[in-house]
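K.L.:
Predicted model, plus sequence, below.
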Amino acid sequence: MSDLSEDHFVNGDKVRQAHARMIDDSSATRLAELFKALADPSRVRIICALTYTELCVHDLAAVLGMSHSAVSHQLRSLREMRLVRYRKEGRHVYYQLDDEHIHDLFRRGLEHVEHG
């Protein structure tokens, strides 16, 4: 039986192209943290709800069937990751997705999991 490593050829051009497009360690860490933030079903459901409209904690709790404190806890994590932002109107605080990138990320991820 031959050693598999003898049968493998490293394509220098493709390695150089991939290396030229490789993200730096800091960007890789931030991206991994983003995906880690999205690894929780409750946070994904909050993002889903906010895809369509801005909502306050009470509205989100009602939509998701969660306690206000549980929603607030998840929103804190999402705010820290800059996935959601808020605005105050008197005593009310309304949450929305931070920007269109988050909407696109959610939509593309959902398309991927629903595909096939």
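P.N.:
Cool, got the structure. Residues are numbered from 1 along each chain as shown.
K.L.:
drop to CA atoms for contacts and neighbour counts, all remaining ones
P.N.:
Will do.
K.L.:
so where do the strands sit in the protein?
P.N.:
55-56, 84-89, 92-97 (DSSP state E).
K.L.:
Between these, which one is closest to residue 32.
P.N.:
strand 84-89 (17.4 Å; CA to CA).
K.L.:
List of residues touching that closest one?
P.N.:
Residues from elsewhere that reach strand 84-89, judged by CA atoms under 8 Å, 6 or more residues apart in numbering: 47, 75, 78, 79, 93, 94, 95, 96, 97, 98, 99.
K.L.:
Pipe the strands of the chain into TSV and attach mean neighbour count per row.
P.N.:
Formatted as TSV, those follow (neighbours: other CA atoms under 10 Å):
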stretch	mean neighbour count
strand 55-56	19
strand 84-89	14
strand 92-97	18
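K.L.:
Could you dump these into CSV and include distance to residue 66 and mean pLDDT?
P.N.:
Below are the strands of the chain laid out as CSV (distance: least, CA to CA, whole Å; pLDDT from 0 to 100):
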stretch, distance to residue 66, mean pLDDT
strand 55-56, 13, 98
strand 84-89, 18, 97
strand 92-97, 16, 97
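K.L.:
Select the longest helix from the chain.
P.N.:
Counting by DSSP state H, the longest helix found in the chain is helix 100-114.
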